[in-house]
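[1] sequence? don't have it. structure:
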């Protein structure tokens, strides 16, 4: 179902965005406190796995969520993904060892493997074609609102009450997100009932060819996120930032600011030109964070990164949609998100290795991330010169 009208802010789109806010809030609010939690369990050397395992599970689940979105429907897949958040947040307080924690982090990752894939396909079904970039920007704003508002809440709950209280609130927020999803109409035509046979993924169903070019760029653009999610909680303590969630608030506030207009701009000037500019901006912001030795400079770096990522995100995901057929949209978005998870996961594991729990290595981790991000420009040049389709 693709609307030809010009109206973007319909009831289904607003419900989708509201659910996205709560979904993002549920799993983002616990991130700033997880490194210390893992350390308390005796797993200080496994901090890089907090994000890596989460993104690994998300990436592995994308082919399934993409296929199911294109067969049983967008809404059921969104509900399943959010339900994972409900359950996993309830289980964290029961964990008493490093192995159990890491296993739960892996299963928690299935939430982002399912929910965003189906949500983006659903949004593409209901928004006007000429406002796709804008719609992707607003959907991204929804995710960022959740990531902005809730990390400080998670830190507050931990400092005022306990880690368990934070996990229980996280679960409740995800449950409310599911309630909102129940009000959405299904947009997939000719959907089929679920069957275990649908979980059999053939090789050609793993990657959607039309999404490969955007996916390569996405992996490089999002590499820095893995670095930030892994080492910034420690860096925040090092520079004297009491509430670690404030870093993410700064990042996402400025990301929201840019997304409000970046999507519209990509609808006018084109996806690739905007992506090129954003890559340079992201790399520059990572250098700032590598140089940060005060809370103010770290917050400036966070704001610069958030603004730059907000310029990139609507353009790259609208580019995926532009290149995909309607009946392959779920698979195309799954391919894009697989690349996103690879970028974040590799950023997490690489930065943890470079950092090595040594504060002197913060700059090296960020400078390496900036260099890898800039490879996106090289790829776009190559793609334009040799792959014009």
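    On my side now, so go ahead. Note that the coordinates shown come from a computational prediction; the quantities given were computed from them, not determined experimentally.

[2] where does the stretch 1-150 of the chain have low pLDDT?
    Counting by pLDDT under 70, the stretch 1-150 of the chain contains low-confidence residues at 1-5.

[3] how about the strands in the stretch 51-200 of the chain?
    Counting by DSSP state E, counting those that start in this stretch, no segments of the stretch 51-200 of the chain form strands.

[4] Tell me where it has helices.
    Counting by DSSP state H, counting those that start in this stretch, the segments of the stretch 51-200 of the chain that form helices are 74-91, 98-108, 110-126, 132-160, 163-181.

[5] which strands and helices sit next to the second one?
    So that's helix 98-108. Taking 3 or more Cβ pairs under 8 Å, 6 or more residues apart in numbering; DSSP states H and E as contact, the helices and strands that helix 98-108 lies on are helix 34-40, helix 47-69, helix 74-91. For every residue, glycine as well, the C-beta is placed using N, CA and C.

[6] ok, back up a step: for residue 39, find the nearest of the helices of the stretch 51-200 of the chain.
    Of all the helices of the stretch 51-200 of the chain, it is helix 98-108 that lies closest to residue 39, at 9.9 Å by Cβ to Cβ.

[7] Just want the angle from that closest one to helix 74-91.
    Computed by axes from the mean of the first three to the mean of the last three Cα atoms, to 10 degrees, the angle separating helix 98-108 from helix 74-91 equals 160 degrees.

[8] sorry, back to before: ranking the helices and strands packed on helix 98-108 by burial, who's on top?
    Among those, judged by mean count of other Cβ atoms under 10 Å, the one packed with the most neighbours on average is helix 47-69 (a mean of 25).

[9] and that helix, what other elements does it pack with?
    Using 3+ Cβ pairs under 8 Å, 6+ apart as the contact criterion, the secondary-structure elements in contact with helix 47-69 are helix 34-40, helix 74-91, helix 98-108, helix 110-126, helix 223-239, helix 329-355.

[10] can you list those in a markdown table and add distance to residue 379?
    Rendered in a markdown table, the data for the helices and strands packed on helix 47-69 read as follows (distance: least, Cβ to Cβ, whole Å):
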| stretch | distance to residue 379 |
| --- | --- |
| helix 34-40 | 32 |
| helix 74-91 | 30 |
| helix 98-108 | 30 |
| helix 110-126 | 22 |
| helix 223-239 | 13 |
| helix 329-355 | 12 |
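
[11] ok, back up a step: could I get the helices of the stretch 51-200 of the chain in CSV, plus columns for distance to residue 275?
    Below are these laid out as CSV (distance: least, Cβ to Cβ, whole Å):
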stretch, distance to residue 275
helix 74-91, 26
helix 98-108, 30
helix 110-126, 17
helix 132-160, 11
helix 163-181, 30
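
[12] Quick check: which of the ones you listed is buried the most?
    Taking mean count of other Cβ under 10 Å as the contact definition, the stretch among the helices of the stretch 51-200 of the chain with the greatest mean neighbour count is helix 110-126, which reaches a mean of 27.

[13] name the helices or strands packed onto that helix?
    Helices and strands in packing contact with helix 110-126 are listed as helix 11-28, helix 47-69, helix 74-91, helix 132-160, helix 295-323, helix 329-355; criterion 3+ Cβ pairs under 8 Å, 6+ apart.
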